[in-house]
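Colleague: Got a predicted structure plus its sequence, pasted below:
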Amino acid sequence: MKIFEFALKMEENGKAYYEKLAKTAQTKGLQAIFTELAMDEQKHYDIFKAMLAGQEVYMADSMVLEKSRNIFSTLLADKTAMVVSTSDLEAYRYAMKLEVDSFRLYEEAAAKESNTDVKVLLLRIAGEEHKHFNILENIYAFVNAPNQYLAWGEFSNLEEFRNFGRDVGR
């Protein structure tokens, strides 16, 4: 049961961190993504709380990935440059680290779990945390794209930046 108590704390901290990122995000799209991630962390918290109380738990699929895709489409179509500070980039990297730690913890706990229902639930939550990592990785790549360029033409692979809605080198 100690794993569930630890998971409660991780999910609580994750929610608080995403709420902080949502408040400081400079675009409504990123604010929405971070708010959705915070809501997912709250859902995970509620699941672990119910499991500790011995209640039967059902977990609905997260919609954050689908919503994020729509938000990224809007951000790409906007074509406005996103200005982010080094501290913003560090915050996104830190959030990615938290998600990696989370899904590894849940995968390890599932491997040790003997109850099949609990094992399946832990693996589903690990899968959601992995999706969160992918979303954060995409956010990081999106906001960091203007900082990534090559100064020498012989190494230019600037075509990839068009994926981020930026016309580099034109």
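Modeller: Cool, got the structure.
Colleague: The longest helix along the chain - contacts with which helices or strands?
Modeller: Secondary structure of the chain read by DSSP state H shows that its longest helix is helix 116-144. Here helix 116-144 is seen to pack against helix 28-52, helix 64-78, helix 86-112 when contacts are counted using 3 or more Cβ pairs under 8 Å, 6 or more residues apart in numbering; DSSP states H and E. Where you see a C-beta, it was placed from the backbone N, CA and C, and this is true even at glycine.
Colleague: Put together a markdown table for the ones you listed, with distance to Glu19 and mean neighbour count on each row.
Modeller: Output for the helices and strands packed on helix 116-144, formatted as a markdown table (distance: least, Cβ to Cβ, whole Å; neighbours: other Cβ atoms under 10 Å):
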| stretch | distance to Glu19 | mean neighbour count |
| --- | --- | --- |
| helix 28-52 | 5 | 20 |
| helix 64-78 | 14 | 15 |
| helix 86-112 | 12 | 16 |
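Colleague: Quick one: closest of those helices to His130.
Modeller: Set against His130 and scored by Cβ to Cβ, those come closest in helix 86-112, at 4.8 Å.
Colleague: Can you tell me which helices and strands the closest one packs against?
Modeller: By 3+ Cβ pairs under 8 Å, 6+ apart, helix 86-112 packs against helix 2-24, helix 116-144.
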